[in-house]
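Peer 1: Quick one, fold the following:
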Amino acid sequence: MAQNLRAERLGEEPVRRLLLRLSIPAAVGLIVSNSYNLVDTIFVGRLGVSAISALSVVFPIQMILASVAYGVGIGSSSLISRLLGRGDMERAGLAAGNSIFLSLIFWLVFAFVGYFFSESLVGLFVSDAQVMSLGAMYIRIILLGSIFLFYLRMALNILQGQGNYFLPMFIMVLTACLNIVLDPLLIFGWWVIPSLGLEGAAIATVVSRLVGCVLITFILMSSKNEVDIRISGIRMDGGVVKNIFDVGAPMIMMQLLMSITVAGTNRILEDVSITAIAVAGIYYKLQSFVLIPVLGLSRSFTPIIGYNYGARNYVRMREAVREAVFFSFVISMIGFLIFQIFPGDLVRVFNADPSLTSMGVEAFRRINLLFYVMGPSLIIISFFQGIGQGMKILYILMIRQFIIFFPVLYVFTTLFGLPDLWFAFPISDMAAVIIGLILSYPDFKRLGIINLEKIIG
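Peer 2: Residues are numbered from 1 along each chain as shown. Okay, the predicted model is just below:
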């Protein structure tokens, strides 16, 4: 079967134009996907401190949900793009069907936990009875409705694996806007709609995802989808599932490591001051926002690498790596300059407390010292995703967080205290880049992306 023009663009369209064309909707999608909790928190904040605390308490559980959906989704996208690159349309359809089957399996697991163990689950994070009750009520609805999160994520990645980023972006924007509209209606009530409080925020999230699922299903059944998804393909195939998890499992672990990193950092900083925890929290939020263009670039980079790796078009892979590294470095350098020049202004966006601002200025300029290497390091991670070597990503993150970051942060906190403890962050960033280059060098050399002997000579 001949490949459709859209998939062929991954192997034919000029690389720079292709990267930019795909990264913009991917970045918009990232902004939109991060809006759910933000919007919920803005509206729920009017219900009181207990309601806000409940959302904060269940946030790690939502991170686990998102990590599973994202990990399996990116694994499916990587596999589909590689199969399309080889011209294996039948296996690409089977991969898409397996990803949908996996979404059903994960939903059953999380729905079971949500229905029977919501109170116990939330009780692991908080002891306050009111906060526990509100949190359990919210997360039970989210977990029972998680089928729509999993299916929507899998379906979006099926399209992204074909190089189609516009339609996924459109659906994500639409569902986020719907959530913004439904939140105040269901939380506070209007006309015949009763006031449901925190429960209404959860329902709004689930309903908006349901609408997205309906729309994406119509698209998958239309000519916009190049992958033939059959009912017979929605089943478990051991080889396909293994390929999905070869890339997806490390991504799931990466997301879990990020949540552990935040929790572990807070625990160490707690011995210094509560203000230090606030500063670190603000930086993590700002860092995530500044890196969205790089993350969008890396998401568009992955299917390009996967497609051309499957097609054995190594010349095009070299060009894609060089273009992506260049743009990611430029974006990261802009972020570095923003943090170095305007640290006080950035902190005051969240709170104008003088002690917080003073500590924030000292912290941001130290934490951000090697920010410009973060973009290229994310491209290295995406390179491993694209060629199906996801375990190397896990090695990089495990070494960075547990062998380097936490020990260095603890030692610096114990020996030096503020403000020098913040140097643990750039030290870990540089270590991650070095480890990534060491692990990627054999592949880079084999594909002709870099030749150390030639550089030295």
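Peer 1: for stretch 187-203, which positions count as buried?
Peer 2: Within stretch 187-203, the residues scored as buried using 16 or more other CB atoms under 10 Å are 187-188, 196-203. In short, each C-beta sits where N, CA and C put it, glycine included.
Peer 1: which one of these sits closest to residue 314?
Peer 2: residue 202 (48.1 Å; CB to CB).
Peer 1: so which strand or helix has the spatially closest residue to the closest one that is not a sequence neighbour?
Peer 2: Leaving aside its sequence neighbours, residue 202 sits nearest to residue 141 (CB to CB, 6 or more residues apart in numbering; 3.7 Å). If you go by DSSP states H and E, residue 141 is part of helix 129-144.
Peer 1: Can you list the helices and strands that that helix packs against?
Peer 2: If contacts are counted by 3 or more CB pairs under 8 Å, 6 or more residues apart in numbering; DSSP states H and E, helix 129-144 sits against helix 49-86, helix 89-123, helix 198-220.
Peer 1: so residue 183 sits right up against residue 200, yeah?
Peer 2: Yes - contact criterion CB atoms under 8 Å: residue 183 and residue 200 qualify, at 7.4 Å.
Peer 1: about what we covered before: can you tell me which of the helices and strands packed on helix 129-144 is most buried?
Peer 2: With neighbours defined as mean count of other CB atoms under 10 Å, the helices and strands packed on helix 129-144 peak in mean count at helix 49-86, which reaches a mean of 23.
Peer 1: any idea how far that helix is from the chain center?
Peer 2: 7 Å (CA atoms, centre = their mean, to the nearest Å).
Peer 1: what's the angle between it and helix 129-144?
Peer 2: Interaxial angle, helix 49-86 versus helix 129-144 (axes from the mean of the first three to the mean of the last three CA atoms, to 10 degrees): 20 degrees.
Peer 1: Going forward, the N-terminal residue is numbered 21.
Peer 2: Sounds good: first residue 21 from here, last item helix 69-106.
Peer 1: rounded to a whole number, what's the mean pLDDT of helix 69-106?
Peer 2: On average, the pLDDT along helix 69-106 is 76.
Peer 1: angle of that helix against helix 109-143?
Peer 2: 160 degrees.
Peer 1: which element is the nearest residue to residue 95 once chain neighbours are set aside on?
Peer 2: Nearest non-adjacent residue to residue 95, counting by CB to CB, 6+ apart: residue 268, 2.7 Å away. Secondary-structure element containing residue 268, defined by DSSP H and E: helix 258-290.
Peer 1: Next one: the residue nearest the centre of the chain from residue 83, what distance?
Peer 2: For the chain, residue 90 is the residue whose C-alpha lies nearest the centre (CA atoms, centre = their mean; 6.6 Å). For residue 90, the distance to residue 83 equals 10 Å [CB to CB, to the nearest Å].
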